[in-house]
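Novice: here's my sequence, what's the structure:
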Amino acid sequence: MTHFLDIRDFSKDELLAILAEARRRKAARAGRTKGAVDDDAPLAGYSLAMIFEKPSTRTRTSFDAGMRQLGGETLVFNSGDMQIGRGESIPDTARVLSRMVDSIMIRTHGHERILELAEYASVPVINGLTDLSHPCQIMADLQTLEEAKGRIEGLTIAWIGDCANVTRSWIEAAVILGCPFRIGAPKGYQPEDGIIAWARENGGDLFITEDPAEAVRGADCVMTDSWISMHHKPEEAQRRIDDLMPYQVNAALMARAKPDAIFMHCLPAHRGEEATGEVLDGPQSVIFDEAENRVHAQKAILVHALKGLI
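Specialist: Just a heads-up that it's a prediction; the model follows:
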C-alpha cells in the first residue's frame, strides 16, 4: 500500500516509473472507446471512494473514468452527503471507509485533513487537491510536457502570476526531476518561504522575480493558473485582478520564451484574466492534452498506490 499525498514523497525513479505507466496505458488505448476497459484491467474487483469537499470537473471525471478503465468501481461522495460533513471525525471516517473500499481519494481544504486521513486509513489515500498541494495535476502536466518535448529533465519551466498549490507541487517536481523553475510574480503572490527553503536545500534551480518578462526568457514551457477562487469575495477578487493583470500571459509575453515553447494551464481558465484567448487557443497551447492526460496519470497513480494489493 502506498499513499499518494505529495510529489516530494517520491524519488526521481518512482516519479518516472509512474509517468512511464501513464504513457504506456495511454498508448494502449489508442483507437478505443472512452468507456472500454483496459485489456489487463488490473483493478477489477477493487473500489475507490472519492470524497469532494471542493467542486471538481477534471479530478472527478478523470478518477471516475480512470478507475472504470482499470476495471474497478467508484463511489462518489460530496462531504455534505456524508457524516464527515456533520461532525464525524476524520479518523473514524478513515477507519470505516477502510473496511469497505480499497482506496480513498479526497479533494479537500486544509492539508492536515488528508494527512490525518492517511494516518488512520488502512488503504491507500490519494491527494485529489488540498490548499497546499495538487500532486495529481502535476503528474498529468509532466506527462504532457514529456509528450511535447520528448524529455523532462533540463527543461526550463516558467510560472507566471499567483503561486498557490499547483505551483508548490511543481516546485517539488522540478527539484526532483532536474528542471530549472522560474517564477514571475508580485510580492504577496510568490511562494511561501518554506517551499523556497526546501527547494534550495535540495539543490533546486529556483529563480524568483517580479518581472514576468525575465521569468519567461528562454523558457521551454510557460504556465499559469487562475487568479480567482470561489472563496474570494468580490472586492478581494477585483484587488487580485488589479495586482496580477501585469502578469497576464499574452502573445507578447509568450514571444519572450523560446520560439517552440509550450503553454500550459491546469484549468479552469478565466479567459482575459490570467491568460488571453489568443494564448489559450493558440498553436503553443497544450491545455486540452493536459486535461486529457489527467485520466492516464490518475490510472498510473492508482496502479502505483494499489500495487501491493493487486
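Novice: the most centrally placed residue in the chain and Ile157, how far apart?
Specialist: In the chain, the centroid-proximal residue (Cα atoms, centre = their mean) is Gln137; its distance is 1.6 Å. The gap separating Gln137 from Ile157 is 14 Å, by Cβ to Cβ, to the nearest Å. C-beta here means a position set from N, CA and C on the backbone, and glycine is covered the same way.
Novice: in the lengthiest helix in the chain, what counts as buried?
Specialist: Looking across the chain with DSSP state H, the single longest helix is helix 287-305. Across helix 287-305, burial judged by 16 or more other Cβ atoms under 10 Å covers 287, 290-305.
Novice: ok, back up a step: tell me the pLDDT of the residue nearest to the centre of the chain.
Specialist: For Gln137, the pLDDT comes out at 98.
Novice: leaving out chain neighbours, which residue sits closest to Gly184?
Specialist: Ala215 (2.9 Å; Cβ to Cβ, 6 or more residues apart in numbering).
Novice: what number of residues are in the vicinity of that neighbour?
Specialist: Look at Ala215: counted by other Cβ atoms under 10 Å, it has 27 neighbours.
Novice: give the other helices and strands that the longest helix of the chain contacts.
Specialist: Helices and strands touching helix 287-305, by 3 or more Cβ pairs under 8 Å, 6 or more residues apart in numbering; DSSP states H and E, are helix 12-28, helix 58-69, strand 125-129, helix 135-149, strand 262-265.
Novice: CA atoms only: put the shortest one into PDB for me.
Specialist: Going back to what we said before, that points to strand 262-265. The C-alpha coordinates for strand 262-265 follow below in PDB (Å, rounded to 0.1, in the frame of the first residue of the first chain):
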ATOM      1  CA  ILE A 262       4.500  25.400 -25.000                       C
ATOM      2  CA  PHE A 263       1.800  26.900 -22.800                       C
ATOM      3  CA  MET A 264       0.100  25.000 -20.000                       C
ATOM      4  CA  HIS A 265      -2.800  25.800 -17.700                       C
END
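Novice: mind giving me the packing neighbours of it?
Specialist: Counting by 3+ Cβ pairs under 8 Å, 6+ apart, strand 262-265 packs on helix 135-149, strand 221-224, helix 277-280, helix 287-305.
Novice: what's the answer for the third one, then?
Specialist: For strand 125-129, the contact count by 3+ Cβ pairs under 8 Å, 6+ apart identifies helix 58-69, strand 103-107, helix 111-120, helix 135-149, helix 287-305 as packing neighbours.
Novice: what of the longest one?
Specialist: Contacting helix 12-28 under the criterion 3+ Cβ pairs under 8 Å, 6+ apart are the following elements: helix 135-149, helix 165-177, helix 287-305.
Novice: ok, now with 10 Å
Specialist: Packing contacts for helix 12-28, counted by 3 or more Cβ pairs under 10 Å, 6 or more residues apart in numbering; DSSP states H and E, involve helix 58-69, helix 135-149, helix 165-177, helix 287-305.
Novice: that helix: which residues count as buried?
Specialist: For helix 12-28, using 16+ other Cβ under 10 Å, the buried residues are 15-16, 18-19, 21-23, 25-26.
Novice: from those, pick the one nearest Glu192.
Specialist: Among the buried residues of helix 12-28, Leu15 lies closest to Glu192 (Cβ to Cβ), at 22.9 Å.
Novice: if we can go back for a sec, could you export the helices and strands packed on helix 12-28 as a markdown table, including distance to Gly80?
Specialist: Output for the helices and strands packed on helix 12-28, formatted as a markdown table (distance: least, Cβ to Cβ, whole Å):
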| stretch | distance to Gly80 |
| --- | --- |
| helix 58-69 | 15 |
| helix 135-149 | 23 |
| helix 165-177 | 22 |
| helix 287-305 | 24 |
